[in-house]
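Trainee: just the structure for this:
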Amino acid sequence: MTETEQLEFIITILKTYAEKKHCYEKYGDFYDATNQPHSRVFDDGIEYGEIYLARTLLEQIGNELEVL
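Mentor: A predicted model of the protein is given here:
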């Protein structure tokens, strides 16, 4: 792969993550982690972090996002 192809691939992967909805978008601002099993809360936190990082990186390079 050329560097351009690698960058395009990375951007595609980032967009896939960034366009997902995280727990607050799924359940609203009143998402209450205290009523969830610990494993679910941990998974929600991981997912939130992945989505947030992907969105932040794409915003830094000027890409527009479309949240599903």
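Trainee: and the longest helix along the chain, what other elements does it pack with?
Mentor: In the chain, assigned by DSSP state H, the helix with the most residues is helix 38-60. When contacts are defined as 3 or more CB pairs under 8 Å, 6 or more residues apart in numbering; DSSP states H and E, helix 38-60 packs onto helix 3-18, helix 23-27. All C-beta spots, glycine's among them, are computed from the backbone N, C-alpha and C.
Trainee: so for A33, which of the ones you listed sits nearest?
Mentor: helix 23-27 (8.1 Å; CB to CB).
Trainee: what lies in contact with that closest one?
Mentor: 31, 44, 47-48, 67 (CB atoms under 8 Å, 6 or more residues apart in numbering).
Trainee: center of this structure - which residue?
Mentor: I51 (1.2 Å; CA atoms, centre = their mean).
Trainee: pull out the buried positions in the lowest-mean-pLDDT helix or strand in the chain.
Mentor: Lowest mean confidence among the helices and strands of the chain (mean pLDDT, DSSP states H and E): helix 23-27, at a mean of 86. Using 16 or more other CB atoms under 10 Å as the test for burial, helix 23-27 gives C23.
Trainee: can you list the low-confidence ranges for the chain?
Mentor: Scanning the chain for pLDDT under 70 picks out 66-68.
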